[in-house]
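1. model the following, please.
(one chain, ligands or ions: 1)
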Amino acid sequence: MLKVDHIYSGYGDLKIIKDVTFDVNKDETVLILGLNGAGKTTLLKSIAGFVKLFSGKIILDNNDITKLDSYKRAKLGITMIMEQAIFPDLTVKENMEIAHSKTRNSKFNDELNNILKTFPELKTFLKIKAQALSGGQRKMLSMAMALLSKPKLLILDEPSAGLSPLMVSRVVKYVSLLKENGITILIAEQNPSFIDVADKVMVLESGVIKLMGNASEIANNNEVRKTFFQVS
Ligand SMILES: Nc1ncnc2c1ncn2[C@@H]1O[C@H](COP(=O)(O)OP(=O)(O)OP(=O)(O)O)[C@@H](O)[C@H]1O
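-> As a prediction, the model looks like this:
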């Protein structure tokens, strides 16, 4: 579905992403694992169209989208979850209605019922303004909004950032629920818990892919164990 082909990108003259190549197939969950400053956000933003490429290509469903603006890529179904997309003065339900309005091909109430089966905790918050949600509840809302907007490719940038270990395990569960709902997902993380939900994992270091493999290969790699699981 998505082909990232030898891309270089960065800011001004500064090259951050160097010769990155990988594919994301339909229904796959692909994880980019990297420490702070590895270039994860820059890579995801390059795919979503917020950072321009110096060279290389990005292909979505056999169409070259390299030169398209971010909003055009969004129209083609690339959704990068940003918590800024939540309107703090609107209720949880109103925020979900806005996310759903981007698709228009189903009744909101039917979709809402499905979402509440996936994220039952949201029932309690439907009438509450989004500004009153905790960090973890905001994550849940942003995941629910992503599901409602029916993306072709969902991009998640460090969904565990700022969360307690307990909340991280719940966010891992949210991601697996999105996966069960047939969403193709690209996640960047430094928390190795997300390896469990990934079909394919890449390790990014200084803007370069150092390792690529399936979840068990990467989870058992000695360097990965030392760096991300702090196993000596
Ligand atoms: N707008 C910018 N202008 C210049 N340099 C930037 C900009 N944004 C990020 N960088 C630099 O790009 C490099 C990679 O940053 P990036 O945010 O992509 O990494 P990351 O892996 O997402 O890190 P983190 O986990 O800390 O968010 C860093 O050296 C950073 O200083």
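2. quick one: residues contacting residue 191.
-> By CB atoms under 8 Å, 6 or more residues apart in numbering, the contact set of residue 191 is 158, 160, 168, 228. C-beta: built from backbone N, CA, C; applies to glycine.
3. can you rerun that using 6 Å?
-> For residue 191, the contact set (CB atoms under 6 Å, 6 or more residues apart in numbering) comprises 160, 168.
4. could you check how far it is from the ligand?
-> Distance of residue 191 to the ligand, given as CB to the nearest ligand atom, to the nearest Å: 10 Å.
5. and that residue, what pLDDT?
-> Residue 191 is assigned a pLDDT of 93 by the prediction.
6. same question, the one 3 residues further on
-> Turning to residue 194, the model gives it a pLDDT of 95.
7. test my guess that it contacts residue 31.
-> Yes - in this structure, residue 194 is within contact of residue 31 by CB atoms under 6 Å, at 5.3 Å.
8. any common contacting residues for the two?
-> residue 187.
9. packing partners of the helix ranked longest in the chain?
-> Longest among the helix segments of the chain by residue count, using DSSP state H, is helix 165-180. Judged by 3 or more CB pairs under 6 Å, 6 or more residues apart in numbering; DSSP states H and E, helix 165-180 is in contact with helix 135-148.
10. the residue nearest in space to the middle of the chain sits in which helix or strand?
-> Closest to where the C-alpha atoms of the chain average out (CA atoms, centre = their mean) is residue 156, at 1.6 Å. Using DSSP states H and E, residue 156 sits in strand 153-157.
11. now do that strand: distance to the chain's middle.
-> Relative to its parent chain, strand 153-157 has a centroid offset of 2 Å by CA atoms, centre = their mean, to the nearest Å.
12. how about it, does it get close to the ligand?
-> No - Strand 153-157 is not in contact with the ligand by CB under 6 Å from any ligand atom; minimum separation 7.1 Å.
13. ok, stretch 203-219 next?
-> No - for stretch 203-219, no contact with the ligand is found by CB under 6 Å from any ligand atom; the gap never falls below 7.0 Å.
14. thinking again about what came up before, quick one: residues in contact with the longest helix of the chain.
-> 29, 118, 136, 139, 143, 159-160, 191, 193, 197.
15. averaged pLDDT, it. What do you get?
-> 85.
16. pretty sure residue 57 sits against residue 5.
-> Yes - between residue 57 and residue 5 there is a contact under CB under 6 Å: 4.2 Å.
17. host element of residue 209?
-> strand 208-214.
18. show me what that strand is packed against.
-> strand 200-205.
19. counting by contacts, list what the strand it packs on packs against.
-> So strand 200-205, by 3+ CB pairs under 6 Å, 6+ apart, packs with strand 29-33, strand 208-214.
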